[in-house]
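**Q** Structure for the following, please:
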Amino acid sequence: MRIFFAGLFNCHIKNMEELILEYKPKYILDSFYYKGDCERIVKLVERDNFLLDSGAFTFMSGAKTTKKEMFNYINQYIDFINKHDVKHFIEIDVESIFGMKQVEAWRRHIEESTGKKTIPVWHINRGIEYWKSMIENYDYVAIGGQVQKVFNLKKCDYENFKKMIRYAKSKGVKVHGLGFTKTNEISEYPYFSVDSSTWKMGAILGRQIHKFNGKKIIVKRLDNNKKANFRALVKNNFIEWCKYQQYMDRGIA
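**A** Prediction:
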């Protein structure tokens, strides 16, 4: 399973590029919203191991975004993909704002303009039949991070979620889990790839120190009464997750 690091350059470490060169994380995801970071990342990772997220929701945060503004953003997205020959990139999955027909129209526009297929993202409102149609038409699809919160509600939902991924795998289709953070349960989900920023957010927000024990990440919370060196904590977690990434890449799960 491919574990993609997310948000490498937005983690309060000034020498992050040096750490990347030293520890060589193999798979990296970044958001086009942080275009400058993406420009740096594409120089540090092989094209087949880079996953580009559109960053559309981040772009829309704050003031209301018009269709014209979104279309201009999409064209910049297309230009970046073409300029850097990006192989794997995620669609503009904003149907909750603009509707599914518009999302599909933008998807076609991106694909026609790049000559490549996007990675469509399944959200629960799309339904199972749409999932099946995605599987029929694409060889790499994704499941939105918010979906996992929904499936966490009941045990039966967990099983349905896994069945969806197994169905795709049976058809030879790769599935990416966006923002998947359940490291203790990850082997139960037959994903081809996932991405996570837990390595840094656990340190910054949760005062967590991570340790790879040879099979999985062990999390320990620091004493709230003690002052934490967050840069050292993030660096430690990054190094441990590099080990975890290498382990999972061997096909263990």
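**Q** now the helices for the chain?
**A** Shown for the chain, the helices assigned by DSSP state H span residues 16-23, 35-41, 56-60, 67-84, 95-98, 100-114, 127-137, 145-151, 155-170, 198-206, 230-248.
**Q** between those, which gets nearest to residue 3?
**A** helix 230-248 (4.5 Å; CB to CB). (Each C-beta comes from the backbone N, C-alpha and C, glycine too.)
**Q** thought residue 237 was touching residue 204?
**A** No: shown here, residue 237 and residue 204 do not form a contact pair, counting by CB atoms under 8 Å, at 9.7 Å.
**Q** the more surrounded of these two?
**A** Just comparing residue 237 and residue 204: by other CB atoms under 10 Å the higher neighbour count belongs to residue 237, 26 against 17.
**Q** Next, count neighbours for residue 215.
**A** Neighbours of residue 215 (other CB under 10 Å): 12.
**Q** Now do the same contact list for the closest residue to it other than its chain neighbours.
**A** Leaving out its chain neighbours, the residue that sits closest to residue 215 by CB to CB, 6 or more residues apart in numbering is residue 247, at 7.2 Å. Taking CB atoms under 8 Å, 6 or more residues apart in numbering, we find residue 247 in contact with 212, 214, 215.
**Q** any idea which of those is closest to residue 71?
**A** residue 212 (43.6 Å).
**Q** what's across from that closest one in the sheet?
**A** residue 217 (DSSP bridges).
**Q** what ranges of the stretch 51-200 of the chain fall below the confidence cut-off?
**A** Within the stretch 51-200 of the chain, the stretches with pLDDT under 70 are 62-63, 145-158.
**Q** on that earlier part again, how near is the residue nearest to residue 215 to residue 201?
**A** 21 Å (CB to CB, to the nearest Å).
**Q** swap in residue 10?
**A** 10 Å.
**Q** Around residue 57, how many other residues sit close by?
**A** Residue 57: 16 neighbours (other CB under 10 Å).
**Q** who's in contact with it?
**A** Here residue 57 is in contact with residue 94 (CB under 8 Å, 6+ apart).
**Q** And the one 3 residues further on, by the same measure?
**A** Shown here is residue 60, whose contacts under the criterion CB under 8 Å, 6+ apart are 70, 94, 97.
**Q** So for the last one, what's the nearest residue that isn't a sequence neighbour?
**A** Put plainly, it is residue 97. That would be residue 60: by CB to CB, 6+ apart, it lies 6.5 Å from residue 97.
**Q** Count the residues that sit near the closest residue to residue 73 other than its chain neighbours.
**A** Leaving aside its sequence neighbours, residue 73 sits nearest to residue 59 (CB to CB, 6+ apart; 5.5 Å). When counting by other CB under 10 Å, one arrives at 20 neighbours for residue 59.
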